[in-house]
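A.B. asks: sequence below, structure please.
(chains A and B)
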Amino acid sequence: MSMRSNHSHLAMQNRSRQSGLALSLTLHCVLLLLVLGQVVYLATRHRARIDATSDQLYSLTESTLRIVGGLEKRLVVEAYFSPKEELPADLRNTRVVLDNFLDELVQIGKGKVVVKRFNPIEDKALQDTCTRIGIKPIDTQSSTTTAVGVSRHWQGLRLVYDGGKQKVIEQVAPAISFLAEAILTPAIKEVVTKERRKLGFMEWPSAIPGQQGQAMGWEFVRTMPDVSKRYDFQNYKDAEGALVPDEVETLVLFRPTDLTDRQKYVIDQFLMRGGTIVLFSDVADYGLQPNRQCNKVPMAADAKDSQWKWQDQLLHYGIDQPGQIVADLAPQAGQAQNPLTGGFEYMGLAMQMGMVRQVGYPYFFHAVDGDWSQPQIANKLATMGGKLDEEQAAYYRRTLRPGIDTDEFLFKAFRQFKRGPGMYWPALMKLRSNGIEPSLPDGLSGRVLLWSSPLTVIEDPQASLNPLMGRDLQSQTLANASFNQKLQQRLQSEPRRQAPLMLEVSGTFSSFFAGKDRPKKASELKEEEDRKKADADAQKPDGEANKDPEVGPPAPKQEKGEDQVATASKDPEPLLAASKKGRIVAFADSDFVRDDFTRGVYRQQGGPHSIFGAAFFPMLIDWISQDSDLIALQSRLPSDRKIALLGDQVDEAADRRDTEQKLRATRSA
Amino acid sequence: MRETAVIFRRELKSYFLSPIAYVFGVLFLGVLMYLTAQQQIVEGQQASMQAFFGLLPIVFLFFLPGLTMRLWAEERRSGTIELLMTFPVRIGSLISGKFFAALAFLAVLLAFTLGLPITLANYGSLDWAPVIGAYVATLLLAGSYLAVGMFWSSLTRDQIVALLLALVSLLILYAFGFPRVAEWIAGFLPTWAVDLLGGISPYKYFESISRGVFDTRDVVYYLCFCGFFLHANALVLHYRRQKG
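C.D. replies: I've put the predicted structure just below:
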């Protein structure tokens, strides 16, 4: 009996020992789970990240880090997204990209960025909200063997900063991560930026009337959303001739013409203050009549009563603009290389049935991104009548420059297209030289950023540069051939040289007006005139001088404040030398950003349409303002890693089935 | 350490002596390479291994429990576990030897897939850094799956039960990371619980590391995940040893 009870006692002991052990092991597991959970949580909060991709595909640029890292208030990103699984394949991929980007934003925001997700698909009220705030659905077509359907998806964002300022991105479907960044970062910047940066401008619209008889200015590029949302352009070309306020750091001059001495002084003093001048310059104005006669329109840089020449003033700053225009005969300089531009970027002529005929016109061209000093190019240029001039070739190798002669990020996006922005009848503009090499004034340095090709013809502006004489197609074709042939002949008779299309001079400028009389403001001139008149009146006999007050009511007493205002509006002492380093960025053309060219006014008639000019302007302004935040985003593109199984045998547009057939043939061979 | 090495060698050798490993290897590589080649090696497509690494977690989900099911269950069925338990070997050495042997076997299999990036690099400009990163991530993911499989294998003597338990648990863990599942769960669970479940899913952590972005969070997660299941495995064995 006792043995049996001992046995059962032992069994009980064993069971309780085992259950105790199991319990302790379970508790052990739970505790471990909690500890490891904490570790993972901490690792999520304090993480380090290395993007090993060579293009840094999954790294946010410094720009985004700076903008998001510098948030003072909470940024709420409301994501109105349909469920990922319901999206078609293409959109689903974009969702992954977008989700990753939003995750990264939350991480770098360190609590300042909150993403709230909403699914409008199953909630009618949310759909109404989306419609109200401006988020638009994406309708995609789906087809099966028996039916075609349309499915509706939502993928839009609303950014709300500090519960107030907001920005809606109605649809967003970035295929790659930096496209997401290129869309979202500017939007974030826009929503968190309190004030737009102030930029000054002066413009002298073209005398050629537009479609409704309006003068052609540069409003389009100034009011483009990319520009106007971040920059506040203010016109400083006023009748008074007031100096540009100190808070304005950049002054854009659109084709200065009929410049008064006072305007020249205002520009000079702005530069002396250390400002940056962006100059879009021309020396001749041509009209694009319906038949493309390209007749010259009168234009002068200086106003009639101007004492000082603008050309001399520019030369004083190290920029030489001798009053000639440039044509580039290199075929690649005049070809629109982007299919987007179609045949419209340069000269075209509308034909019957809506067809457009492209016309070779060497006065419309762009800088080609290529090294013109390459031996094979230099040798070709130095070959005359089949004979290579070694000395000349060596000279070309030494002196010719790449079309885009800079690594500035401004041109990174353009480099993808292997070109610069297209220009129209550009002027010859170069760095001041002593005839052999640039010779800039003391304290200044300069560089050329864009060059034409070595097949450049430089000439005085002719009265007409019509490439299409004649009424019918045949005579126009002949005329065009003859026009181009003449230019070719001119080219053959001249040495090969490149013309700068964009240049930069920076440093400590000295005033053009040093030692000269300060040009006076309109009010000062009027005051002077009045004073002279008063003096003249005073010199008249007493009875005549005091006649006026007796006729009219008594003159009001001068109040205290008026005197103060008059003192405040007086010009400060002229600055004869720059107090800070200034900069001039000059373009040899102003047409490529002008309204009629950028808006595509001539597109219907076959061109030109300055698409690249319109794209270039916002980048230029960002670059000038040193807003590398956004331009760095614009110029970010991935490397092309396409698989080329057949190498050169296959063109990109080839049908995939043909490709596979060719591949099989290659393999069997 | 020497004990671990001995067990490691013994286990690894057993993989190559058994036909199952070869069947497993051929099937695994065949399915993976066929699916990848269909999607990735196409004229004009970008030279990238994303399709391959996108498929790996799913393929692993079905293949790795098959590899781990026998690790302990076989020992228990054949009775060698008692023998192992009586050896003067630490449980940690036993587990790590088996674990690293399974991982090494998988690494050998993965080495056979290197032909794919080499081919892509030959016909396109392949970015190697993310590929190397993704292989490292794959080993981490595989390690986690193996740890889960080993744990379930230690709990049962039936290999099929071990396989099913591992498969189902991994499937559930993996599913928690899918937005659709998360959305469904959100219908009856509070947000913090949905976030928690999403946070323990290996799916989310593989994605970024496999595209060439090394994040300490992902590495820490995999190490913790792996460590937890290996430790749990050790506790089970310890319990058995105590139990006698």
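A.B. asks: and the helices in chain B?
C.D. replies: B:2-17, B:19-40, B:50-68, B:70-78, B:80-86, B:91-111, B:115-123, B:128-155, B:159-175, B:179-186, B:191-199, B:202-210, B:216-243 (DSSP state H).
A.B. asks: and those helices as a markdown table, adding mean pLDDT?
C.D. replies: What follows is those, written out as a markdown table (pLDDT from 0 to 100):
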| stretch | mean pLDDT |
| --- | --- |
| helix B:2-17 | 85 |
| helix B:19-40 | 82 |
| helix B:50-68 | 84 |
| helix B:70-78 | 80 |
| helix B:80-86 | 76 |
| helix B:91-111 | 90 |
| helix B:115-123 | 84 |
| helix B:128-155 | 88 |
| helix B:159-175 | 89 |
| helix B:179-186 | 71 |
| helix B:191-199 | 77 |
| helix B:202-210 | 77 |
| helix B:216-243 | 86 |
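A.B. asks: could you dump these into JSON lines with mean neighbour count added?
C.D. replies: Every residue, glycine included, has its C-beta placed from N, CA and C. Shown next, in JSON lines, are those (neighbours: other C-beta atoms under 10 Å in any protein chain shown):
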{"stretch": "helix B:2-17", "mean neighbour count": "15"}
{"stretch": "helix B:19-40", "mean neighbour count": "15"}
{"stretch": "helix B:50-68", "mean neighbour count": "21"}
{"stretch": "helix B:70-78", "mean neighbour count": "19"}
{"stretch": "helix B:80-86", "mean neighbour count": "14"}
{"stretch": "helix B:91-111", "mean neighbour count": "20"}
{"stretch": "helix B:115-123", "mean neighbour count": "16"}
{"stretch": "helix B:128-155", "mean neighbour count": "23"}
{"stretch": "helix B:159-175", "mean neighbour count": "18"}
{"stretch": "helix B:179-186", "mean neighbour count": "16"}
{"stretch": "helix B:191-199", "mean neighbour count": "14"}
{"stretch": "helix B:202-210", "mean neighbour count": "22"}
{"stretch": "helix B:216-243", "mean neighbour count": "20"}
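A.B. asks: so the closest residue to residue A:76 other than its chain neighbours, which of the three states?
C.D. replies: If the residues on either side of it in the chain are set aside, residue A:76 comes closest to residue A:160, at 4.6 Å by C-beta to C-beta, 6 or more residues apart in numbering or on different chains. Three-state call for residue A:160 (DSSP: H, G, I helix; E, B strand; the rest coil): strand.
A.B. asks: next, the contact list for residue A:160, please.
C.D. replies: A:75-76, A:78, A:166, A:191 (C-beta atoms under 8 Å, 6 or more residues apart in numbering or on different chains).
A.B. asks: which of these are buried?
C.D. replies: A:75-76, A:78, A:191 (16 or more other C-beta atoms under 10 Å in any protein chain shown).
A.B. asks: between the residues you listed, which is nearest residue B:34?
C.D. replies: Checking the buried ones among the contacts of residue A:160 against residue B:34 by C-beta to C-beta gives residue A:78 as the nearest, at 43.0 Å.
A.B. asks: what are the boundaries of the strands in the stretch 1-150 of chain A?
C.D. replies: Secondary structure of the stretch 1-150 of chain A (DSSP state E, counting those that start in this stretch): strands at A:49-51, A:75-81, A:113-118, A:138-143, A:148-153.
A.B. asks: how far out from the middle of the chain is the third one?
C.D. replies: Centroid separation between strand A:113-118 and its chain, computed with C-alpha atoms, centre = their mean, to the nearest Å, is 31 Å.
A.B. asks: identify whichever of the helices of chain B lies nearest to residue A:587.
C.D. replies: It's helix B:128-155; of those, that one is closest to residue A:587 (C-beta to C-beta) at 40.8 Å.
A.B. asks: which strands and helices sit next to that closest one?
C.D. replies: Using 3 or more C-beta pairs under 8 Å, 6 or more residues apart in numbering or on different chains; DSSP states H and E, the elements in contact with helix B:128-155 are helix B:50-68, helix B:70-78, helix B:91-111, helix B:115-123, helix B:159-175, helix B:202-210, strand B:213-215, helix B:216-243.
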